[in-house]
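Engineer: everything below, folded, please.
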Amino acid sequence: MSLFCDNRQRLVSRLKAKPNETRWTPGTFIVLQGGVEVPFNDTDIAWPFRQESFFQWCFGVEEPGCYGAIDVNTGASILFVPKLPPEYAIWQGKLHTLDDFKERYGVDETHYTDEIASVLKEKSARALLTLNGKNSDSGLTTRETIFDGIDEFWVDLKHLYPAICECVMKNGPLKNTISIETDEGTAILYCSDIERLKNTDVEQVLDAINSGKTDKRVYSMLENKIANEINCRIALQSLRKMIELESEWNRYRKISSNAQSSAETINRDMILQQLVSLIVKSQDSETILQGLKALKRDRFSPSTNIYKDRMCNEVMIRATDGELTMSQLIRAVRILVNYGNSKYRNCIDMLWVGLACREQDIKPDLLVPLFRSLKYFQRSKNMVQIILEKKLSEQWLKLTGSQMASILNCLYGKESSQECLSSASKWANVSMTTSTEKDLVNFIGGLHTKEYVNENIEQALVRYVTSKGTEMKDPHLIASIMDYCKDLRIRNPYVLAECGKYFIRHGTQIPPTLLSPILAPFGLLNLQPPDSTNFWKMFDEVMSARFSDLKLNDALDILLSCTYLERYPIKLLDKVFSSYLMNRLQTQRDAPIVNHLKNKLKLFDATMSLECKDYRGSPINLDRNTKSLNLDMRIRGIINKIHKPLAHLVGGEHKLSRSVVLSSRVIKSPQEIKVLRYVCKISSEAHKTVMRSMRPGIPEYKAEAWFLNYVYAEGGCRHASYTCICGSGHNSSILHYGHAGAPNNKVIQDGDMCLFDMGGNYYGYAADITCSFPANGKFTEDQKLIYNAVLKARDAVIAAAKPGVAWTDMHLLANKVMLTSLKKGGLLVGDVEDMIKAGLNEVFQPHGLGHLLGLDVHDVGGYLPGHPERSKDAGVRKLRTARTLLAGMVLTVEPGCYFVDCLLDAALADPIQSKFLVPEQLQRFRGFGGIRIEDDVLITETGVENMTDVPRTVEEIENFMQS
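Structural biologist: Residues are numbered from 1 along each chain as shown. Down below sits the predicted model:
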């Protein structure tokens, strides 16, 4: 457990080392939520549990459903575990005590998960740091930490994720419940047996009920008529009127000295039972729902009673039988959720059966109210969500932007499914250019709330702003687009250019509250606005006229953005530090807001002092404890002077930075490296077992079984790091073969090349190794040609990789070596550099050279703020990271060469790429499949340590398989 204790201390030290971050102490806690068991569809078994990787990194806990907290001030750790009922010991064995967990996982305290809020309050917790970040490989966002009582604390979602991945120190700086009150209309539903009405004066009965006369007269009339004459319409109206009259009599009954007589109670119960019975017997869903709604207002019966039970049961029966329409199911949810007793609210979970029965009736106009109802389902929520996601995937084209936004806004935490976001992406791709501006404002707001963007959405935005251009009128739309781009780091020059042109045209008409969302993103995204002369001319005009209308926070955001673009607002300094503005700051009573504004003023002052030679410093003392930077403009010069001498002392500039970079999951600790060496060793031995056992005629899944058996039986690796890829023949060209649709089920043939990509997982840490070899143990000449081309690429990277080298350069090096070998083999002609420029490298290797490796097989930290962004250029756009290598990184090196028909066909049809191809030579490799060689390597101070130990050369493989 010392590994995880060390990880916690590293994280705390990193956070506490950040300057000017007084928010961390005291009362600041990191709170992480562990993984939960996921049920296998609707059964009572679960998928094999895998711990959430960030939680694993900090606590190393094996059980699901746990939480962990770390005091940033003291480093003390608290583990919260589920409190299981005693009967669980029958199925799970001895239930551990809190002391058992404390000793086992080496934490300072242990409590149960239902005590999280109370324990944190006892610790005087004020601020909670929780995870909120996007995985750059999957595009998915970390699950939000949720527990009962979390809304009683201030939650910081911004700082933990970058800190736990890699902390980069920068220079400078209920809902209200749904109302079910609708127009009731008139119940015009009669009993199916019309003969009952022949001798009934319906209007007389209704008039008597609605007249508001004394209860005795009403009850008397009902007693005389109810047995033979009343129909469902009268029963429903009677029920409503009884409850209404009883509410009006409430005051009288409270002040009356005489309690309600026993006879009156019996009389009332009898009437209610008969009314409910008649309503239920009507077999009319609408009438029954209206009756259920009426009973909700009954304040004189116990909170649970036989009337509500019977009406509720009837609704459940009709829903299960598919008798309720989709609109009626929605209304049933809304009625039940407003019942005071949880017994009836819990019945909502039974309605999913009716929803499944009526799935074909779900039309586009019902999707939004159905998604809004999703939060009221508990046990059946997953099933309901699956149905709704399926219908959304079928009907997204018929929805408006506002409807899509409403659906996105209904999803929280783990409910924010990739399926719904995918439908939103498709909608953007098709419907954005034809939508109204108001719809787009809502749609972009929904995407913004979910912090979701992908290439389709970005390109749809480009098409919209470029096609509409001068037609865009609503400044709220421009503000929404710019704010969205700013927060999701969408640095698209076309989108920002069109928004900048809008500002040039309409700047003077833009409301002051929208100026900051429109202007600040240019600086924060480090993109110069279009038509610089006219843009800044309009900027000066707008700021001169509107500055006094701006909130101080908005004004500072705009001015700081200018400094990032090296446009220093000297002319506005008097306005920034005006006595009026400072008075507004001093009269602000909210301390957090005041501190936030002061910090921005300090940042602005520091930036201007260091960057603008004409700046003479702030005329006011922002903080008596803050040293003025007026005399420290030499800081940059001093840094530049000492950087090279210091670099010489420590062994090179690649070991020294002008900023402070602290590692976390990206840079592995010695203990982590020890675990990774072990899991790579076990996985290597498992691969060799498969290689030695291989022969033609066996199914691919048998090789998978051999591997899984070895890593578990011999190495204690209960899990694989990912679904095993066991491709043979043509299947070896499918990069992620082995998925549910292609489950390693081909019979391996004599002459097939095998590409087996498999890795064990030990205590959360992953191995990821690929071996390629002939099934019969003997390479053909063509197989040797391709294999040696890939092996030479692998060898070149292993020899060149070291700290200070860019990963993109390693990728291109591997591509050049492999293409050179293919050229020598007669498959290609021409200059290799020209091939790279034409993107031919991506035809034969349609993936990146490798990825970071650790607790996740595609470990976090590939693309973080402050590091190179993902390229959009062919040949390098598939890379999972573009970082410069650092000692302590663990990565995979996995060059490959594949003959994928669709890629070859496209290249042969391309006038630029086709000139490098030799079609008649390539033809014999159609159906060949692919070859990949993947090693797990540690970047050391001097180069690379290859932690993979398997036969690699042609001779080694042939000798090993024949031994």
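
Engineer: buried residues, the strand or helix carrying residue 119. List them.
Structural biologist: Residue 119 is located in helix 116-122, with elements delineated by DSSP states H and E. For helix 116-122, a neighbour-count test (16 or more other Cβ atoms under 10 Å) marks 116, 117, 119, 120 as buried. Just so you know, the C-beta spots here come from the backbone N, C-alpha and C atoms, and that holds for glycine as well.

Engineer: okay, that helix in PDB with CA atoms only?
Structural biologist: What follows is helix 116-122, C-alpha atoms only, in PDB (Å, rounded to 0.1, in the frame of the first residue of the first chain):
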ATOM      1  CA  ILE A 116     -19.500  11.200   4.000                       C
ATOM      2  CA  ALA A 117     -21.200  14.600   4.500                       C
ATOM      3  CA  SER A 118     -21.200  14.400   8.300                       C
ATOM      4  CA  VAL A 119     -17.600  13.300   8.500                       C
ATOM      5  CA  LEU A 120     -16.500  16.100   6.200                       C
ATOM      6  CA  LYS A 121     -18.500  18.600   8.200                       C
ATOM      7  CA  GLU A 122     -16.800  17.400  11.400                       C
END
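
Engineer: other SSEs contacting that helix?
Structural biologist: strand 28-33, strand 67-71, strand 77-81 (3 or more Cβ pairs under 8 Å, 6 or more residues apart in numbering; DSSP states H and E).

Engineer: so who does the spatially most central residue of the chain touch?
Structural biologist: Residue closest to the average C-alpha location in the chain (Cα atoms, centre = their mean): residue 141, at 2.2 Å. Contacts of residue 141 were listed using Cβ atoms under 8 Å, 6 or more residues apart in numbering, and they are 132, 133, 134, 135, 416, 450, 451, 452.

Engineer: same thing with residue 410?
Structural biologist: 368, 371, 372, 374, 375.

Engineer: helix, strand or coil: sort out residue 530 for me.
Structural biologist: Assigned with DSSP: H, G, I helix; E, B strand; the rest coil, residue 530 falls in the coil class.

Engineer: any weak-confidence spans in the stretch 1-150 of the chain?
Structural biologist: By pLDDT under 70, the weakly predicted segments of the stretch 1-150 of the chain are 17-25, 40-46, 89-93.

Engineer: any idea which helix or strand carries residue 726?
Structural biologist: Judged by DSSP H and E, residue 726 forms part of strand 725-728.

Engineer: who does the helix or strand following that strand touch, helix- and strand-wise?
Structural biologist: Remark: after strand 725-728, the chain's next helix or strand is strand 753-758, criterion DSSP H and E. When contacts are defined as 3+ Cβ pairs under 8 Å, 6+ apart, strand 753-758 packs onto helix 670-693, helix 700-713, strand 725-728, strand 769-774, strand 930-932.

Engineer: ok, the helix or strand following strand 753-758: who's next to it in the sheet?
Structural biologist: Next helix or strand after strand 753-758 toward the C-terminus (DSSP H and E): strand 760-762. Strand 760-762 sits in its sheet next to strand 719-720 (antiparallel), strand 765-766 (antiparallel), going by DSSP bridges.

Engineer: in stretch 380-395, what's buried?
Structural biologist: In stretch 380-395, counting by 16+ other Cβ under 10 Å, buried: 380-389, 391-392, 395.

Engineer: what's the burial count for the closest residue to residue 841 other than its chain neighbours?
Structural biologist: Leaving out its chain neighbours, the residue that sits closest to residue 841 by Cβ to Cβ, 6 or more residues apart in numbering is residue 815, at 3.8 Å. For residue 815, the count of nearby residues is 23 (other Cβ atoms under 10 Å).

Engineer: hmm, who's touching whichever strand or helix holds residue 815?
Structural biologist: Taking DSSP H and E as the criterion, residue 815 maps to helix 807-824. With Cβ under 8 Å, 6+ apart as the test, helix 807-824 has contacts from 785, 788-790, 792-794, 796-797, 800-801, 828-830, 832-833, 835-836, 840-841, 844-845, 848-850, 868, 871, 875-876, 879, 881-885, 891, 893, 895, 897.

Engineer: ok, residue 775 touching residue 752?
Structural biologist: Yes: if you go by Cβ atoms under 8 Å, residue 775 and residue 752 touch, sitting 4.6 Å apart.

Engineer: for the stretch 101-250 of the chain, what spans make up the helices?
Structural biologist: 116-122, 160-165, 202-210, 215-225, 232-248, 250-255 (DSSP state H, counting those that start in this stretch).

Engineer: which other helices and strands contact the longest one?
Structural biologist: Packing partners of helix 232-248 (3+ Cβ pairs under 8 Å, 6+ apart): helix 202-210, helix 215-225, helix 262-281, helix 285-295.

Engineer: 6 Å - rerun?
Structural biologist: helix 202-210, helix 262-281, helix 285-295 (3 or more Cβ pairs under 6 Å, 6 or more residues apart in numbering; DSSP states H and E).

Engineer: quick one: mean pLDDT for stretch 839-854?
Structural biologist: For stretch 839-854, mean pLDDT rounds to 94.

Engineer: to residue 463, which of the helices and strands packed on strand 753-758 lies closest?
Structural biologist: Residue 463 lies closest to strand 930-932 among the helices and strands packed on strand 753-758, at 35.4 Å (Cβ to Cβ).

Engineer: can you list the strands that that closest one pairs with?
Structural biologist: Here strand 930-932 is paired, per DSSP bridges, with strand 896-898 (antiparallel).

Engineer: show me what the partner strand is in contact with.
Structural biologist: 733, 786, 789, 790, 844, 845, 930, 931, 932 (Cβ atoms under 6 Å, 6 or more residues apart in numbering).

Engineer: how about a cut-off of 8 Å?
Structural biologist: 732-733, 735, 770, 786, 789-790, 818, 822, 844-847, 929-933.

Engineer: filter the residues you listed down to the buried ones.
Structural biologist: Buried by 16+ other Cβ under 10 Å: 732-733, 735, 770, 786, 789-790, 818, 822, 844-845, 847, 929-933, out of the contacts of strand 896-898.

Engineer: tabulate the strands paired with strand 760-762 (TSV), appending distance to residue 38, mean neighbour count and mean pLDDT.
Structural biologist: Output for the strands paired with strand 760-762, formatted as TSV (distance: least, Cβ to Cβ, whole Å; neighbours: other Cβ atoms under 10 Å; pLDDT from 0 to 100):
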stretch	distance to residue 38	mean neighbour count	mean pLDDT
strand 719-720	14	20	90
strand 765-766	20	29	92
